[in-house]
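Novice: Sequence and predicted structure, then a few things I'm wondering about:
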Amino acid sequence: MGVFGAMITAVSGLQAQSYALQNISGNIANSQTTGFKRVDTSFVDLVIDGPTDRTPSGSTLSFSRATNTLQGDLQPTGVTTNIAINGQGYFVVGERTGTNGDTPVFSKQTLYTRRGDFALDKNGYLVNGAGYYLKGATIDPETGTTVTASTDLIRIPSGQLSAQQTTTVYYSGNLPNMPQTNYQRATGTPTSELIQPASYSVNPVTTGTVAASDVPNFLNQSSAAGSMTIYNDIGAPVNVQMRWVKVSDPAYTTSAPAFGSAEATWQLFYQSDASATGAATAWTRLGGNVTFASSGQMTSPSSTTSNITVGGVTVSGVNVTFPSLTQFSDVNGQITNSSIRQNGYSAGELQGVSVSSDGRVSGTYSNGQVAALAQVAVVQFQADDALKRREGGVFEQTLESGQPVLGLQGSSLVGGSIEASNTDIADEFSKMIITQQAYSANTRVITTAQQMLQDTINIIR
């Protein structure tokens with residue numbers, strides 16, 4: 001290699017260092033770009049073929065080196081539709097190409113990104129800051145069934161969540177072995193904690209009803225059982241007030257159990273008509289007898305199905321179950337640990353959207369319900385750094401990257417957060433100083449080679 005060869009090599013060095021500076025400049029410019037992956041520079045030497053002892057060091061070429069597998073910091077934003085991937089993987093997104101009237105038209109090409117600053121647009125799609133639309137499976141909030149493929153565009157329904165009639169009520173608690181009703185405290189006589197059928201105009205134990213004229217007597221001989229709101233088939237709320245009465249206990253009989261029962265027996269009543277008067281029914285029994293063994297454990301029934309009518313509004317086929325109902329002693333003689341749940345609700349409007357760690361998009365409604373709306377699609381690649389980079393922080397699949405594999409594969413999603421750029425400003429400035437010095441050194445080589453050529457020319461003068 002002669003003087004001219006030295007100059008050509010120095011020029012290749014200048015070109016390579018210029019390319020490196022270009023990458024550094026882009027990294028610094030995108031240090032605040034959501035989900036950006038910096039581009040490093042690799043240098044490759046070019047060696048001319050020749051004898052071992054005559055092989056020159058050669059020129060150089062520069063290439064971009066991707067850092068797609070290096071995660072940026074996760075930053076909370078407080079925006080519930082923002083999503084960050086903690087670990088490996090990419091969101092599946094689509095590109096909008098135009099509109100048809102007021103409806104967006106999308107490209108059929110599938111792209112991939114780590115940029116998760118998604119927000120709902122007016123059509124219910126989740127679109128990020130670069131204008132790419134999130135893909136995944138859309139779920140019907142009414143039925144919980146998946147209605148689209150796993151890599152279709154996600155569209156959040158903006159309509160109401162329809163009302164659901166109450167079909168099941170779960171009642172748990174402890175009924176005191178000795179209920180201290182008003183009547184029991186006033187008399188303190190044996191069996192005074194039991195309901196006294198003889199004091200009623202119509203026997204509530206056998207008829208399952210309490211006349212309005214007997215309500216004061218009934219309230220004195222029963223214990224408050226809590227209240228619940230259930231819903232009919234159009235979502236209208238029905239408030240149900242309940243009371244327990246203890247019917248019998250074999251501990252108080254010697255020749256035969258009271259009312260023909262060998263176990264402690266209770267009945268549950270609800271207020272069916274608060275405005276009833278005279279002989280009209282004011283309270284109605286809910287189901288039949290509820291019995292307990294001497295151990296305090298409930299023996300029957302595990303559930304009962306009834307039509308509940310309050311103030312003329314009927315909720316049909318309500319299954320009342322007792323998942324945890326006991327009869328243990330209580331020093332106060334009151335019903336404790338009462339828990340009442342039911343599965344009905346009124347219609348509700350969508351108020352907010354959130355994303356779980358497994359990618360489930362859920363909607364919160366004004367009626368207090370939370371329903372699944374979509375499942376975010378996340379894919380993995382065998383060779384992430386071989387993906388083709390495009391503007392807007394998206395990537396294309398290539399032959400070298402391999403096929404996308406659907407699934408988190410050990411990664412997780414973080415709702416209300418975004419992934420920051422993986423550019424380190426301090427590191428980029430350090431590389432810029434080194435690149436600048438290398439560039440200056442190559443210019444010095446050219447200057448030296450020029451001086452040597454000038455000296456050669458001066459020989460013949």
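Specialist: Yep, that arrived.

Novice: So residue 218 sits against residue 210, correct?
Specialist: Yes - with contact defined as C-beta atoms under 8 Å, residue 218 and residue 210 form a contacting pair (4.8 Å). In this view, the C-beta of every residue, glycine as well, is placed from N, C-alpha and C.

Novice: overlap in contacts of these two?
Specialist: 200, 204, 269, 283 (C-beta atoms under 8 Å, 6 or more residues apart in numbering).

Novice: Can you add neighbour count, secondary structure and pLDDT and give those residues back as CSV?
Specialist: CSV is the format used below for the shared contacts of residue 218 and residue 210 (neighbours: other C-beta atoms under 10 Å; DSSP: H, G, I helix; E, B strand; the rest coil; pLDDT from 0 to 100):
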residue, neighbour count, secondary structure, pLDDT
200, 19, coil, 96
204, 26, helix, 96
269, 23, strand, 97
283, 27, strand, 98
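
Novice: ok, which pair from the residues you listed is furthest apart?
Specialist: 200 and 269 (12.4 Å; C-beta to C-beta).

Novice: who touches both of the two?
Specialist: In contact with both residue 200 and residue 269: 210, 218, using C-beta under 8 Å, 6+ apart.

Novice: Can you check which helix is longest in this structure?
Specialist: If you go by DSSP state H, the chain has its longest helix at helix 425-459.

Novice: Does that one pack against any helices or strands, and if so which?
Specialist: helix 3-29 (3 or more C-beta pairs under 8 Å, 6 or more residues apart in numbering; DSSP states H and E).

Novice: Off-centre distance for the helix it packs on?
Specialist: Computed by C-alpha atoms, centre = their mean, to the nearest Å, the chain-centroid distance of helix 3-29 equals 49 Å.

Novice: Buried residues, it. List them.
Specialist: 6-7, 9-10, 12-17, 19-21, 23-24, 26-28 (16 or more other C-beta atoms under 10 Å).

Novice: got it, and stretch 381-399?
Specialist: Under 16+ other C-beta under 10 Å, the buried positions of stretch 381-399 are 381, 384, 386-387, 392-395, 397.

Novice: Which of these fall within helices?
Specialist: Using DSSP H, none of those sit in helices.

Novice: Quick check: pLDDT value at the nearest residue to residue 448 once chain neighbours are set aside.
Specialist: In space, residue 448 comes closest to residue 6 once its chain neighbours are excluded; the distance is 7.9 Å by C-beta to C-beta, 6 or more residues apart in numbering. If you check residue 6, the pLDDT there is 83.

Novice: what does residue 388 give?
Specialist: Confidence at residue 388, expressed as pLDDT, is 96.

Novice: Contacts only, for it.
Specialist: Residues near residue 388 by C-beta under 8 Å, 6+ apart: 395-398, 401.

Novice: Please identify the buried residues of the longest helix of the chain?
Specialist: Here helix 425-459 shows 428, 431-432, 435, 438-439, 442, 445-446, 449 as buried, counting by 16+ other C-beta under 10 Å.

Novice: Next, the angle helix 3-29 makes with that helix.
Specialist: Put simply, helix 425-459 runs at 160 degrees to helix 3-29, going by axes from the mean of the first three to the mean of the last three C-alpha atoms, to 10 degrees.

Novice: Surely residue 412 touches residue 88?
Specialist: No - counting by C-beta under 8 Å, residue 88 is not a contact partner of residue 412; they are 10.8 Å apart.

Novice: Looking only at neighbour counts, state which of residue 218 and residue 210 leads.
Specialist: residue 210 (28 against 20; other C-beta atoms under 10 Å).

Novice: which SSE is the more buried one in?
Specialist: Applying DSSP states H and E as the criterion places residue 210 in strand 209-211.

Novice: what comes into contact with that strand?
Specialist: 200-202, 204, 218, 269, 276, 278-285.
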